[in-house]
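**Q** One predicted model, sequence on top.
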Amino acid sequence: MSKNIERVRELIEHVASTGLNTVVFGESGVGKEVVAQNLYQKSPRLGKPFIKINCAALPEGLLESELFGYERGAFTGAEQRKKGKFQLAHSGVLLLDEIGDMSLPLQAKLLHVLQSGGEFSPLGSEKEVKADTWVIAATNHDLKKDIEEGRFREDLYYRLNIIKIYLSPLRERPEDIPPLIDYYIKEYTSMLNNRHIEKPGPKIIDRLCTYSWPGNVRELQNVLKRMLVLGDCGQIVEELFNSERIVSPTSGTDDKLNHHASLSKILDLGGKNSPDSQSFSLKSAKKNAVEMVEREIISHVLGKTDWNRSKASKILKISYKTLLYKISDLNIIPPEK
C-alpha cells in the first residue's frame with residue numbers, strides 16, 4: 001500500500017467522527033467519492049442520508065434549485081414544492097462533487113449557508129429553513145489557482161477546506177495497483193456469476209504497474225472488465241500500451257507517414273468512400289470525415305470529464321443543447337458503469 005493511501009486512511013479515521021467540512025482533492029477517476037463514502041460509513045451519521053450532487057453537471061439556475069429547493073410557483077414549471085439536497089441530507093452527508101465548477105453567485109449563497117450553520121431560504125420562499133448537514137466537497141481543480149484567477153471565492157475555500165484530503169493519481173502509486181486488481185477481480189467475478197474466466201497473471205499485472213493510467217482507477221476498472229469478459233489479457237494490454245504510444249508525439253518522416261496513414265484510414269478512400277463508387281462526392285467524403293473527427297473529439301472530451309455533459313460543452317465551446325444533439329446524431333454511447 002502506498003504512503004498516500006495510508007495517509008488518506010489515517011485522515012478518514014481521525015475526521016469521520018468530527019463532521020468538519022472536508023475537501024477531497026484529486027484527478028478525475030482517482031476515487032474521491034469512495035473517500036467520501038468511507039468518511040460517511042465511519043461517522044455517527046451512518047444510516048442517515050448520503051446525498052451527492054455534481055456541481056458541474058447542471059446549469060447554474062437548476063443547480064441552485066436542486067441544492068436549496070423551491071416553493072410552488074417560484075419559477076415557470078415549479079408546479080409543486082420541492083425540497084433541496086441540503087434538506088434531504090439533513091442529519092446526514094451532502095457530497096458536493098466538482099465544487100470547483102460552481103458559479104461565483106452560487107458560491108456566495110453556499111458560503112452564507114455554511115456561515116449561518118445551515119440556514120437558507122428555498123427559491124420563492126421568505127422563510128428560512130435549517131439543515132444539519134455535513135458538507136464534503138470534491139474537486140479535480142487546483143482551487144488556490146482558481147482563487148488567483150478569480151474563479152473561486154477565497155472565503156468559501158477556507159470555510160470548506162477545514163480538512164484537506166488529497167488522493168494521488170494512480171501513476172504515482174503503482175504499488176496500489178496489484179491490491180486494486182485483486183479487489184476488483186473478486187467483485188467482478190461475483191458480478192459475472194462466478195463463471196470461469198481468464199484472470200491476469202503475474203506478468204500482465206507487472207506490465208499494468210508500468211502503465212501511466214491517465215484515467216486513473218476508473219480506467220483500471222474498465223480494463224479489468226474487458227479482460228474478464230473477453231479474455232486474451234495479453235492482447236488487451238498490448239492495445240493499452242499502443243494507445244499510449246499513439247498519443248505520444250513523433251517526429252520527422254515517421255510523423256508524416258503516420259499522418260497520411262491516419263488520414264487514409266479516416267477517409268476510407270479504398271473502401272466504401274472510394275472515388276470509384278457511384279455515390280462518391282467531395283461533399284459526402286468531407287461530411288463523413290467531419291463526423292468521424294467530431295465523434296472522436298466529443299467521445300474523448302466526454303471520457304475525460306466522466307460524461308459530465310455540462311463541463312464537456314464548456315470545453316468544446318458549444319451549447320449544452322448542441323452537445324446533446326451531437327451525442328444522439330453521432331450515436332455516441334456512454335460506457336457501462
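**A** Great, that's in hand. Numbers count the residues shown, from 1 in each chain.
**Q** So Thr322 versus Ser328, what's the distance?
**A** Applying CB to CB, to the nearest Å, the value for Thr322 to Ser328 is 11 Å. The C-beta positions use only the backbone N, C-alpha and C, and glycine is treated the same way.
**Q** Need the residues touching each of these two.
**A** The overlap between the contact sets of Thr322 and Ser328 (CB atoms under 8 Å, 6 or more residues apart in numbering) is empty.
**Q** for this protein, where's the lowest mean pLDDT among helices and strands?
**A** Counting by mean pLDDT, DSSP states H and E, the weakest-scoring helix or strand in the chain turns out to be helix 252-267, with a mean of 48.
**Q** how about the strands in the chain?
**A** Assigned by DSSP state E, the strands in the chain fall at 22-25, 50-54, 93-97, 119-120, 129-130, 134-139, 163-166.
**Q** mind listing what the fifth one pairs with, with the direction of each?
**A** Strand 129-130 has these partner strands in its sheet, going by DSSP bridges: strand 119-120 (antiparallel).
**Q** repeat for the last one
**A** Based on DSSP bridges, the pairing partners of strand 163-166 within the sheet are strand 22-25 (parallel).
**Q** Need the per-residue pLDDT for Lys337.
**A** Lys337 carries a pLDDT value of 57.
**Q** rewinding a little: okay if I get the strands of the chain as TSV plus distance to Lys283 and mean neighbour count?
**A** Putting these into TSV (distance: least, CB to CB, whole Å; neighbours: other CB atoms under 10 Å) gives the following:
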stretch	distance to Lys283	mean neighbour count
strand 22-25	49	24
strand 50-54	40	19
strand 93-97	44	24
strand 119-120	56	17
strand 129-130	59	16
strand 134-139	45	25
strand 163-166	52	16
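**Q** right, and those strands - which one's nearest Arg309?
**A** Among the strands of the chain, strand 50-54 comes nearest to Arg309, with 10.3 Å by CB to CB.
**Q** Check which helices and strands the closest one is in contact with.
**A** helix 32-41, helix 60-68, helix 85-88, strand 93-97 (3 or more CB pairs under 8 Å, 6 or more residues apart in numbering; DSSP states H and E).
**Q** avg pLDDT for the shortest one?
**A** Averaging pLDDT along helix 85-88 gives 93.
**Q** So which elements touch it?
**A** Using 3+ CB pairs under 8 Å, 6+ apart: helix 85-88 touches strand 50-54, helix 60-68.
**Q** how far is it from where the chain is centred?
**A** 23 Å (CA atoms, centre = their mean, to the nearest Å).
**Q** Report the buried residues of the longest helix anywhere in the chain.
**A** If you go by DSSP state H, the chain has its longest helix at helix 282-304. Of the residues in helix 282-304, those buried under the neighbour-count criterion (16 or more other CB atoms under 10 Å) are Ala285, Arg295, Ile298, Ser299, Val301, Leu302, Gly303, Lys304.
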